[in-house]
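Asks: structure here, sequence nowhere to be found:
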DNA sequence: TTGAAAGCGCTAACAA
DNA sequence: TTGTTAGCGCTTTCAA
């Protein structure tokens, strides 16, 4: 007999209906609180049955029938970067509070892997997809046919036909470097940034340059390195080896700043008195380093909320929103203060 | 007409079959590579059709029919604790490499929330569940009826009928404290640990005490605080305020160690010359602090792999596996060395 | 090697 | 207010 392969031992809606002495429709009405009303006593009987039998609705059947899975997909490069972890956690909370589940995938910077992840999620009938791509200039959805709503996180440039939300990298960088110049009178400010991007300049680099230029300062040294701790470490070593070391280092991520600090410490360079350090991101860790990092903090919660909202806007309108960062002045720039400002 | 509610615009297997001029069964055979053979030319035609139409199998229907979703659930307290993030990332990789997707949830330390998360995943037909509970002594599955395989992470005690995998907290702590005593000759070693657990002593506390006792040392001071940075910070402040401050602090987590270091720095206490600091976890960040942290490193990748393996073992056998930690000697204990040892 | 068709568990239109 | 039932898209048995 076709379709009679696997053994049944899990409770289904039919069992509940039988136990409660009603039809399966009524069970549905009770569970979904509609679309038809159910007499209070009947509803009570159904609830009892559900409880007694330990019935749990089958999500696959439900999703198949309704065409909606109440599940969204979230793809980020890596969870072991605190910024992505914080972002993922925020998004997960929003989704769960709205009764949705989250499929999570880490691309680990691999475009093929990222694509497989997205394909897998799409085939699992997600209702929406949020992607922080592993590349800042490629469309993670290129060549993927789907009409599932999608929001991109943190793309450096607008992508045709896509909605993207992130923070104002240029503005945040500008503000940070401006602080070093205007408040602390520093003039040799180095930049630690990611490796060259094909036909694209990191907006943080632009912001750094803008601030220097506005103050009539020459461009400081640039060290290009991976966006991780070891990248920052090597970049700082390189910067320190120059004949005239910088008075300050602007690291484009907290992770890089950790490496920079480490390299400075190893050479006995005092922070901030000999070299100031500031960075972009402002993850929770940055408040606890010593000296505490002065940062351009990305508004993680707001980015998450906005991304989640955009997912709902069925309008497939193109968007490229850049939220302002917060300049959090702590001690690593040379400012005073010892309290922990999270 | 019943069941004809929503509009069809997505390509289904019927479209593919029609386009390729075969039956839907054949499409299945091609997609699943069985269970019946298909002529090479026919298969080719089907593949063409799939490509042209941009067909993607409906996972819900598939899961409903097969009784298997190729999706697992993963619940952890919070992603913004690097240890959990690393663990989650490892597990996610294992799952994805095996063609499974991962539903992720963060309980944020709330038992009710944790329970809702698990319920939601179960109703979404996950094939397996991995939970790092938000409490170390309660069974996260208590009162949840399911026969989905489940593995618990990091429970401090064996739970009846459950499989649990974690690291040897007691042993790791013992080793760490022993190092401080045997190698560095320290005698006043403070412990920073979580708040009192009902009827349960944190094994790290036991290990700390065991090491002290073995060396005939009196118990050092204990500071109980939350397992986060601010907890470690406050604990250290408290410890430093004592008439006879400790020579070393053993923090039960890297996060706490960050807070401890911060408090020491603020009071101008030199690490490790005045107070040594060691901690449990050994996340990637710990190699980059200055001085780099000496830690009992939890074998994250191994824990992840073993947990994932246990999920597969249909044997519902009870288990309580404790993997040994690695003692990573860096500089915060007083040992020499300046290279980064990740 | 291929096709017809049952049925997984659920929702909801329609009838009663 | 409740029941009957089609059908969501898929897999697979059985027949051809």
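Replies: Done, it's in. None of the values given here were measured: they were computed from a predicted structure.

Asks: quick check, central residue of chain A?
Replies: residue A:87 (3.7 Å; Cα atoms, centre = their mean).

Asks: got the contact list for that residue?
Replies: A:76, A:132, A:153, A:300, A:303, A:304 (Cβ atoms under 8 Å, 6 or more residues apart in numbering or on different chains). All C-beta atoms are positioned from the backbone trio N, CA, C, and that covers glycine.

Asks: quick one: it is in a helix?
Replies: Yes. Applying DSSP: H, G, I helix; E, B strand; the rest coil, one finds residue A:87 inside a helix.

Asks: which secondary structure state does the residue lying closest to residue A:30 once chain neighbours are set aside sit in?
Replies: Sequence neighbours aside, residue A:46 is the residue nearest to residue A:30 in space, at 4.4 Å (criterion: Cβ to Cβ, 6 or more residues apart in numbering or on different chains). At residue A:46 the chain is in helix, as set by three-state DSSP.

Asks: contacts only, for residue A:46.
Replies: So residue A:46 contacts A:16, A:20, A:22, A:26, A:27, A:30, A:38 (Cβ under 8 Å, 6+ apart).

Asks: can you redo the residues you listed as CSV with pLDDT, secondary structure and neighbour count?
Replies: Formatted as CSV, the contacts of residue A:46 follow (pLDDT from 0 to 100; DSSP: H, G, I helix; E, B strand; the rest coil; neighbours: other Cβ atoms under 10 Å in any protein chain shown):
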residue, pLDDT, secondary structure, neighbour count
A:16, 95, helix, 26
A:20, 94, helix, 22
A:22, 95, coil, 20
A:26, 95, helix, 20
A:27, 95, helix, 27
A:30, 95, helix, 21
A:38, 93, coil, 19
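
Asks: which among the residues you listed are in contact with DNA strand D?
Replies: When Cβ under 7 Å from any atom of the strand is applied, the members of those adjacent to DNA strand D are A:22, A:26, A:38.

Asks: out of the residues you listed, which one sits closest to DNA strand C?
Replies: Closest to DNA strand C out of those is residue A:26 (8.3 Å), distances taken as Cβ to the nearest atom of the strand.

Asks: report the contact partners of whatever residue of the stretch 101-250 of chain A ends up closest to DNA strand C.
Replies: As assessed by Cβ to the nearest atom of the strand, DNA strand C sits closest to residue A:125 within the stretch 101-250 of chain A, at 12.5 Å. Shown in contact with residue A:125 (Cβ under 8 Å, 6+ apart): A:63, A:69, A:71, B:58, B:59, B:60.

Asks: check contacts around the second one.
Replies: With contacts defined as Cβ under 8 Å, 6+ apart, residue A:69 is in contact with A:59, A:63, A:124, A:125, A:126, A:127, B:60, B:124.

Asks: please narrow these to those residing in helices.
Replies: A:59, A:63, B:60 (DSSP state H).

Asks: so among the residues you listed, which ones count as buried?
Replies: Applying 16 or more other Cβ atoms under 10 Å in any protein chain shown to these, the neighbour count classes A:59, A:63, B:60 as buried.

Asks: how much space between the second one and DNA strand C?
Replies: Read that as residue A:63. 8 Å (Cβ to the nearest atom of the strand, to the nearest Å).

Asks: spit out the contact partners of that residue.
Replies: A:69, A:70, A:71, A:125, B:60.

Asks: what's the closest of the contacts of residue A:125 to residue B:163?
Replies: Proximity of those to residue B:163 (Cβ to Cβ) peaks at residue A:71, which lies at 26.4 Å.

Asks: near DNA strand D, which residues of the stretch 51-200 of chain A?
Replies: Checking the stretch 51-200 of chain A against DNA strand D by Cβ under 7 Å from any atom of the strand, the hits are A:61, A:64, A:65, A:67.

Asks: how many residues are close by the residue nearest to the first one when sequence neighbours are not counted?
Replies: Translated: residue A:61. With sequence-adjacent residues excluded and distances taken as Cβ to Cβ, 6+ apart, residue A:61 is closest to residue B:64, at 5.0 Å. When neighbours are defined as other Cβ atoms under 10 Å in any protein chain shown, residue B:64 has 19 of them.

Asks: now swap in residue A:219 and tell me
Replies: Neighbours around residue A:219, by other Cβ under 10 Å: 12.

Asks: which SS state does it fall under?
Replies: coil.

Asks: quick one, what contacts it?
Replies: Residue A:219 sits in contact with A:209, A:212, where contact means Cβ under 8 Å, 6+ apart.

Asks: gap between it and residue B:173?
Replies: To residue B:173, residue A:219 is 51 Å away according to Cβ to Cβ, to the nearest Å.

Asks: all helices for chain A, in order.
Replies: A:13-20, A:24-32, A:40-53, A:59-66, A:82-97, A:111-123, A:169-182, A:203-214, A:229-240, A:254-266, A:300-312.

Asks: between helix A:13-20 and the third one, find me the angle.
Replies: Here the directions of helix A:40-53 and helix A:13-20 differ by 120 degrees (axes from the mean of the first three to the mean of the last three Cα atoms, to 10 degrees).

Asks: quick one: helix A:40-53 to helix A:24-32, angle?
Replies: 80 degrees.

Asks: centre of the chain to helix A:40-53, how far?
Replies: Here helix A:40-53 is found 42 Å from its chain centre; the criterion is Cα atoms, centre = their mean, to the nearest Å.

Asks: same question for it, mean pLDDT?
Replies: Over the span of helix A:40-53, the pLDDT mean works out to 94.

Asks: likewise the fourth one?
Replies: Helix A:59-66 carries an average pLDDT of 97.

Asks: distance from the chain centre to it, please.
Replies: The answer for helix A:59-66 is 29 Å, by Cα atoms, centre = their mean.

Asks: point out where chain A drops to low pLDDT.
Replies: A:1-9, A:314-316, A:338-342 (pLDDT under 70).

Asks: same thing but at 80, please
Replies: The model of chain A has pLDDT under 80 over residues A:1-9, A:34, A:136-137, A:313-316, A:337-342.

Asks: within range of DNA strand C, give me the residues from it.
Replies: Residues of chain A lying near DNA strand C by Cβ under 7 Å from any atom of the strand: A:1-4, A:8, A:10, A:12-14, A:24-25, A:27-28, A:31-32, A:34-36, A:57-58, A:61-62, A:64-66.

Asks: related to what we said a few turns ago, any idea which of the helices of chain A is most buried?
Replies: helix A:254-266 (a mean of 26; mean count of other Cβ atoms under 10 Å in any protein chain shown).

Asks: check which helices and strands that helix sits against.
Replies: helix A:82-97, helix A:229-240, strand A:248-251, strand A:276-281 (3 or more Cβ pairs under 8 Å, 6 or more residues apart in numbering or on different chains; DSSP states H and E).

Asks: dump the ones you listed into CSV; add distance to residue B:109 as well.
Replies: Listed next are these as CSV, based on distance: least, Cβ to Cβ, whole Å:
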stretch, distance to residue B:109
helix A:82-97, 12
helix A:229-240, 28
strand A:248-251, 32
strand A:276-281, 24
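
Asks: out of these, which is closest to residue B:161?
Replies: helix A:82-97 (27.5 Å).

Asks: pull the distance from stretch A:313-330 to the chain's centre.
Replies: That offset, for stretch A:313-330, works out to 12 Å (Cα atoms, centre = their mean).

Asks: list the buried ones in that stretch?
Replies: A:319, A:321, A:322, A:323, A:325, A:327, A:328, A:329, A:330.

Asks: isn't residue A:207 up against residue A:189?
Replies: No. Using Cβ atoms under 8 Å, residue A:207 is not in contact with residue A:189; the gap is 11.7 Å.

Asks: what is in contact with these two at once?
Replies: Joint contacts of residue A:207 and residue A:189 (Cβ under 8 Å, 6+ apart) are residue A:177.
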